[in-house]
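>>> Give me the fold of what follows.
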Amino acid sequence: MNTTAEPAARKRAQRNTKVAMIGDVRTRVLDVDGSGPTVLLIHGFTESADGWRSVLDLLGEQGHRCAAVDLPHFGRAARPLAAGYLSAVDDFLAAAVRQFDRGEGVVLVGNSVGGLAVLHAAQDADLPLVAAVAIGPAGLCTTWWMRLARRVRPATDWLLGLPIPPMFRGTVTAPALISAGFARAVASGRLTPEAKAQYASHWGPGDLRRLLLLGGDTIAELSRPDALGNWRFVVPVTAAWGSKDWVCPPRGAKALRNKHPDAMLRFIDGSGHCPQYDQPARVAEIIRAAIADALSCRALSTTVQEKLS
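Presented below is the predicted three-dimensional model:
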């Protein structure tokens with residue numbers, strides 16, 4: 001008789017999907033219940049909360065309270081008319097942090113443009129943040145493809161302004177082609193069929209033109225020298241890059257370190273721009289470490305204050 005105990009099966013966290021109002025934006029939330037600070041997950045340009053599903057599950061299995069939201073313009077969120085995309089995201093994040101705080105603070109995690117917004121939030125002393133994790137943050141360096149996009153923008157804006165026959169808008173094949181290109185760009189093609197289908201499901205008629213125009217405006221904002229901001233971080237910050245990230249390459253770490261030498265830097269070997277897709281376990285590990293370090297620093301600070309009082 002085999003008396004060796006069977007390894008306990010991992011407890012699968014219950015992931016919920018709901019519609020919510022954050023600030024004045026109607027959006028969608030994926031969340032898992034748990035304890036401790038709320039881990040709030042923010043996606044990048046053209047993505048949705050679905051990109052965080054694997055990380056949500058991994059953190060939920062460890063007992064962390066987590067939520068991922070669709071940013072304005074993407075996923076199932078509303079398409080606001082406000083000018084200035086980055087400022088709209090900053091306002092949305094500030095409202096989300098306050099809304100998801102359950103009294104123990106929020107650990108804010110973002111990728112790409114969402115990563116830059118997380119770094120902005122980490123400079124805001126009025127937000128109930130515990131820690132911030134930026135993964136492949138945009139806006140730290142100007143890349144070759146951004147320079148090219150700005151150079152050809154007058155021509156692309158002209159082309160996008162031409163009337164497009166309805167037969168070329170929202171075809172069955174277009175979302176599949178777009179998701180295949182996205183997979184190649186951010187994860188060297190290593191997206192699961194499920195992840196590709198989820199990404200494609202948010203694309204509809206007119207979205208390609210709309211997002212190309214929005215992307216042109218956003219690239220102009222990201223290219224400004226002051227895109228990161230000049231205030232100090234008020235919470236512990238961890239920044240991580242995939243070693244194969246060409247969208248927001250790891251050389252951005254030098255720009256971040258020059259302005260914020262106290263930031264913790266991490267690198268994910270073999271990963272692309274969105275490690276939450278191709279290395280979710282490593283991303284979850286980085287987030288857990290950031291939480292532990294921040295809570296340890298908070299406890300130490302409290303102890304020191306008690307001894308001094």
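>>> pretty sure R26 is touching G75, no?
No. Using CB atoms under 8 Å, R26 is not in contact with G75, being 11.4 Å away. Glycine gets a C-beta too; all of them are placed from N, C-alpha and C.
>>> Of those two, give the one with the bigger neighbour count.
Taking neighbours as other CB atoms under 10 Å, R26 and G75 compare with G75 leading, 23 against 15.
>>> ok, that one to G44 distance?
12 Å (CB to CB, to the nearest Å).
>>> Please apply the same query to P261.
From P261 to G44 the distance is 26 Å (CB to CB).
>>> neighbour count winner among these two?
G44 (27 against 7).
>>> for the nearest residue to the more buried one once chain neighbours are set aside, what are its contacts?
Excluding the flanking residues, the one nearest G44 by CB to CB, 6 or more residues apart in numbering is S112, at 2.8 Å. Contact analysis of S112 by CB atoms under 8 Å, 6 or more residues apart in numbering lists H43, G44, F45, E47, I135, G136, P137, A138, V247, C248, H273, C274.
>>> three-state assignment of V107?
strand (DSSP: H, G, I helix; E, B strand; the rest coil).
>>> I'd say it and I42 touch.
No. The criterion here is CB under 8 Å, and V107 misses it with I42 at 11.4 Å.
>>> The spatially closest residue to W203 that is not a sequence neighbour: what's it in contact with?
Excluding its sequence neighbours, the residue lying closest to W203 (CB to CB, 6+ apart) is P175, at 4.3 Å. Residues counted as contacts of P175 (CB under 8 Å, 6+ apart) are A200, S201, W203.
>>> Can you tell me which of those residues end up in helices?
Applying DSSP state H to the contacts of P175, the entries found in helices are A200.
>>> Of the contacts of P175, which is the most crowded?
Within the contacts of P175, most neighbours by other CB under 10 Å means W203, with 19 neighbours.
>>> these two touch, right, it and I178?
Yes. In this structure, W203 is within contact of I178 by CB under 8 Å, at 5.7 Å.
>>> Give the residue spans of the stretch 101-250 of the chain that score low on pLDDT.
Applying pLDDT under 70 to the stretch 101-250 of the chain flags the ranges 164-173.
>>> Please enumerate the strands of the chain.
15-22, 25-32, 35-42, 64-69, 106-111, 129-135, 237-242, 264-268 (DSSP state E).
>>> Could you pull out the helices in the stretch 201-309 of the chain for me?
Using DSSP state H, counting those that start in this stretch, the helices of the stretch 201-309 of the chain run over residues 207-222, 252-259, 275-278, 280-308.
>>> Go through the third one and flag the buried ones.
Neighbour-count burial for helix 275-278, with 16 or more other CB atoms under 10 Å as criterion, is recorded at P275, Q276, Y277, D278.
>>> Determine the set of other helices and strands touching that helix.
Under the contact criterion of 3 or more CB pairs under 8 Å, 6 or more residues apart in numbering; DSSP states H and E, helix 275-278 touches helix 53-61, helix 173-187, strand 237-242, helix 280-308.
>>> for the ones you listed, which one sits closest to V89?
With CB to CB, the closest approach to V89 among the helices and strands packed on helix 275-278 belongs to strand 237-242: 17.6 Å.
>>> quick one: strands adjacent to that closest one?
strand 129-135 (parallel), strand 264-268 (parallel) (DSSP bridges).
>>> quick one: which of those is nearest R224?
So among those, strand 129-135 is nearest, using CB to CB, at 17.7 Å.
>>> Look up how far D50 lies from P193.
From P193 to D50 the distance is 13 Å (CB to CB).
>>> of those two, who's got more company?
D50 (22 against 8).
>>> How many residues are close by the closest residue to the more buried one other than its chain neighbours?
The shortest distance from D50 to any non-neighbouring residue, by CB to CB, 6+ apart, is to Q198 (4.1 Å). Residues near Q198, counting by other CB under 10 Å, number 19.
>>> can you check G181 too?
11.
>>> What of Q62?
17.
>>> where's the nearest residue to it once chain neighbours are set aside relative to G181, distance?
Distances taken as CB to CB, 6+ apart place R288 nearest to Q62, at 6.8 Å, with adjacent residues excluded. Separation of R288 from G181 (CB to CB): 32 Å.
>>> cool, R28 as well?
24 Å.
>>> One more: P205?
Taken as CB to CB, the span from P205 to G181 is 18 Å.
>>> wait, isn't A294 in contact with V106?
No. Counting by CB under 8 Å, A294 stays clear of V106, with 10.9 Å between them.
>>> So the two - more neighbours on which side?
Taking other CB under 10 Å, A294 and V106 do not tie; V106 has more neighbours (27 against 22).
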